[in-house]
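Peer 1: quick one: sequence and predicted model below, then my questions.
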Amino acid sequence: MNVHVADSGAALKVRGLSVAYGDKPALSSVDAAFQQGRMSAIVGPNGAGKSTLLKAAMGIIPSISGDALFFGRPLDEVRSRIAYVPQRASVDWDFPATVIDVVLMGLYRSLGPFKLIGRGQRALALNCLEEVDMVSLADRQIGQLSGGQQQRVFIARALAQKADLLLLDEPFAGVDAATEKTIITLLKKLVREGGTAVAVHHDLSTVTAYFDDVLVLNVRRIANGPVDKAFTEEHLAEAYGGRLVQPEPELA
């Protein structure tokens, strides 16, 4: 049985998406839809293509075939409505930037070329840092923070963009319980206010509590739809090869 959510009103829809690293398939003709106003998880074993799906949809890595639509339109037409939070492992934490610098980076696209950050933008950035309880560290170098603090800063940057869709790659990986609670509370608030969140997620034990919808993936789509229909023992066994063990965070 292959549950697949209807794509009407999708914030993100991928169609026939295929990606390979060398001669190794990473995604094989994946169709999936993530509905507006919902919290969606992407789950699957290591090497399933979870992070790859987000990166290919965003054009960060090339795809062999297929495409992605955001709110029914190509990425370039709606890029300002989308915020992407990468894995912490993929970020250069030695980059000489302060916490507030990183948050302000989320505003550059909306400012346009040759516009300078003003008092209003700085106030917005500080307000977003307040939401993740990081305003007291606004002038700290980003590399001096703990893993959980770094993730809070990236969530604050996404909030500053005031995006309609947040794409998050392993947002809870390697963070403390307090940070995880802060992040999920903010995401649920975003969704209640009409936003959409899609997260690569590795902790199967929290899927039901955190998310409305799920894509179960292992190179190909196993199931995609509401958690109560798609997140089943049958689909998980198919994705994880019958071994329902807790996977480690994916690094690629």
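Peer 2: Here it is on my side, so go on.
Peer 1: figure out how far the host helix or strand of Val14 is from the centre of its chain.
Peer 2: In the assignment (DSSP states H and E), Val14 maps to strand 10-21. Remark: strand 10-21 is offset 15 Å from the chain centroid, using CA atoms, centre = their mean, to the nearest Å.
Peer 1: which residues touch Leu69?
Peer 2: With contact taken as CB atoms under 8 Å, 6 or more residues apart in numbering, Leu69 is in contact with Ala10, Leu12, Lys13, Arg15. All C-beta atoms are positioned from the backbone trio N, CA, C, and that covers glycine.
Peer 1: how much space separates it from Leu17?
Peer 2: 11 Å (CB to CB, to the nearest Å).
Peer 1: sorry, back to before: the strand holding Val14 packs against which elements?
Peer 2: Here strand 10-21 touches strand 24-35, helix 50-57, strand 65-70, strand 165-169, strand 196-200, going by 3 or more CB pairs under 8 Å, 6 or more residues apart in numbering; DSSP states H and E.
Peer 1: can you read off the pLDDT for the closest residue in space to Thr232 that isn't next to it in sequence?
Peer 2: Counting by CB to CB, 6 or more residues apart in numbering, Ala223 is the residue found nearest to Thr232 once chain neighbours are left out, at 7.4 Å. The score at Ala223 is 98. That number is its pLDDT.
Peer 1: quickly find the element holding Ala223.
Peer 2: Following DSSP H and E, one finds Ala223 within strand 220-226.
Peer 1: which other residues reach that strand?
Peer 2: Residues outside strand 220-226 that contact it (CB under 8 Å, 6+ apart): 1-5, 27-33, 44, 212-216, 229-232, 235, 238-239.
Peer 1: not counting sequence-adjacent ones, nearest residue to Ile82?
Peer 2: Leu165 (4.8 Å).
Peer 1: what about that neighbour, neighbour count?
Peer 2: Neighbour count for Leu165, taken as other CB atoms under 10 Å: 20.
Peer 1: right, and it touches Thr196 too?
Peer 2: Yes - using CB atoms under 8 Å, Leu165 is in contact with Thr196, at 4.8 Å.
Peer 1: quick one: which of the helices and strands packed on strand 10-21 is nearest Asp94?
Peer 2: Between Asp94 and the helices and strands packed on strand 10-21, the tightest spacing by CB to CB is seen for strand 165-169, at 20.2 Å.
Peer 1: circling back: CSV for the helices and strands packed on strand 10-21, including mean pLDDT and distance to Ala178?
Peer 2: Listed next are the helices and strands packed on strand 10-21 as CSV, based on pLDDT from 0 to 100; distance: least, CB to CB, whole Å:
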stretch, mean pLDDT, distance to Ala178
strand 24-35, 96, 28
helix 50-57, 97, 25
strand 65-70, 96, 32
strand 165-169, 96, 18
strand 196-200, 97, 18
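Peer 1: mind putting those into JSON lines with distance to Asp92?
Peer 2: Below are those laid out as JSON lines (distance: least, CB to CB, whole Å):
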{"stretch": "strand 24-35", "distance to Asp92": "24"}
{"stretch": "helix 50-57", "distance to Asp92": "17"}
{"stretch": "strand 65-70", "distance to Asp92": "26"}
{"stretch": "strand 165-169", "distance to Asp92": "16"}
{"stretch": "strand 196-200", "distance to Asp92": "20"}
